[in-house]
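Undergrad: I need the structure of the sequence given here:
(chains A, B, C and D, ligands or ions: 4)
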2 protein chains.
Amino acid sequence: MAKIGIRYTKPRKLVFEALTHFSKPTSVAEINSYLKNRINLTSIYRTLDLLKKSDLVNVILFGEGKKRYELKDKDEHHHHLVCENCGDVKDIEMQETNMLKNVEEQSKFKVLKHNLEFFGLCQDCQ
Amino acid sequence: MAKIGIRYTKPRKLVFEALTHFSKPTSVAEINSYLKNRINLTSIYRTLDLLKKSDLVNVILFGEGKKRYELKDKDEHHHHLVCENCGDVKDIEMQETNMLKNVEEQSKFKVLKHNLEFFGLCQDCQ
DNA sequence: GACATATTGCAAGTCATTTGCAATAATGAG
DNA sequence: CTCATTATTGCAAATGACTTGCAATATGTC
Ligand SMILES: [Mn+2]
Ligand SMILES: [Mn+2]
Ligand SMILES: [Zn+2]
Ligand SMILES: [Zn+2]
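TA: Ligands and ions are numbered 1, 2, ... in the order given. Here you go, the predicted structure:
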């Protein structure tokens, strides 16, 4: 964390630990209850903003009316599949350069980013 | 509106009119200010919920922390491109059956729906 | 036109997130 | 190591999007 020029504090250690623990898109409320009031809710928000600005987390939206955060460690850019029955989340990687090229040609926009999330039923819940 | 078995009331007329007027994904606040307090905010929310249940509008999420609604009139299923500079929104249709099939094979999920929105710069803003 | 009840407006409530500010703690100069 | 500087925290209050309870009102029906 030193490398991004900020202080290595208890809240930052803890939020990082929580995100590592969950290792999937996690809400602020989940992080907070995992940390059992060891740090303030506001600090969780502020730390997540910082991690986002430092490009260490992805912000994921499943349309629940709240944000989810995921550590940007291992993989490359990817998307998710959410089981609407059990809530399980699975990472999914796909080849999307062709799609992006088509979109740019069709729209004349310069595409900078995109959100793509899938919803359905996992193998067990089908 | 009679065909969906509900009363044809002033708020419903007006929300429908507002959505027609904007003809792009529109927020509740936008609808409200367009209608200039001719109906209550709560009624806008309730009418939009009803239109959604009746499958007459799409709910669109651009990750701004609020929902946008779009009349489901003309086209088929489509996605959007949002200009991060001027806010312009363009509809985009694409062939996605292959992508969906790949996702299902790869994940073993049964895919029921998905969110896909693009962000970038429109032709003018590039 | 009158009735039954679907629908509305308003006030209050909820939930996620943000902000102001005084108290506290992480660094690093000495 | 000690202390000062100032980044960071906790707490309380504010905000914004939406939801809910309920009494007042309007719609479709007979
Ligand atoms: Mn992931
Ligand atoms: Mn559209
Ligand atoms: Zn499942
Ligand atoms: Zn533009």
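Undergrad: so which strand or helix has A:Lys113?
TA: Per DSSP states H and E: A:Lys113 is located in strand A:110-121.
Undergrad: can you check A:Lys90 too?
TA: Applying DSSP H and E, one finds A:Lys90 within strand A:89-92.
Undergrad: give me the sheet partners of that strand and which way each runs.
TA: strand A:79-83 (antiparallel) (DSSP bridges).
Undergrad: so is the strand it pairs with next to ligand 3?
TA: Yes: interface with ligand 3: strand A:79-83 contributes A:Cys83 (C-beta under 5 Å from the ion). Bear in mind the C-beta positions are built from the backbone N, C-alpha and C, glycine included.
Undergrad: and the angle for that strand with strand B:110-121?
TA: 140 degrees (axes from the mean of the first three to the mean of the last three C-alpha atoms, to 10 degrees).
Undergrad: check whatever residue of chain A ends up closest to ligand 1 and give its pLDDT.
TA: In chain A, the residue found nearest to ligand 1 is A:Asp91; the distance is 4.2 Å by C-beta to the ion. Per-residue confidence (pLDDT) for A:Asp91: 95.
Undergrad: in space, what's closest to it - neighbours in sequence excluded?
TA: Nearest non-adjacent residue to A:Asp91, counting by C-beta to C-beta, 6 or more residues apart in numbering or on different chains: A:His78, 5.0 Å away.
Undergrad: distance of the one you found from B:Thr20?
TA: 38 Å (C-beta to C-beta, to the nearest Å).
Undergrad: over to A:Leu51?
TA: Where B:Thr20 is concerned, A:Leu51 sits at a distance of 43 Å (C-beta to C-beta).
Undergrad: show me which of those two is the more surrounded one.
TA: Taking neighbours as other C-beta atoms under 10 Å in any protein chain shown, A:Leu51 and B:Thr20 compare with A:Leu51 leading, 22 against 10.
Undergrad: just to revisit the earlier point, in the strand holding A:Lys113, what's buried?
TA: Going by neighbour count (16 or more other C-beta atoms under 10 Å in any protein chain shown), the buried part of strand A:110-121 is A:111, A:114-121.
Undergrad: phi, psi of A:Tyr69?
TA: Phi and psi for A:Tyr69, reported as degrees, to the nearest 10, are phi -120, psi 140.
Undergrad: contacting residues for it?
TA: The contact partners of A:Tyr69, taken as C-beta atoms under 8 Å, 6 or more residues apart in numbering or on different chains, are A:19, A:25-28, A:31, A:48, A:51-52, A:57-60.
Undergrad: which one among those gets closest to A:Leu41?
TA: A:Val28 (7.1 Å; C-beta to C-beta).
Undergrad: got a pLDDT number for the closest one?
TA: So A:Val28 comes in at 98 (pLDDT).
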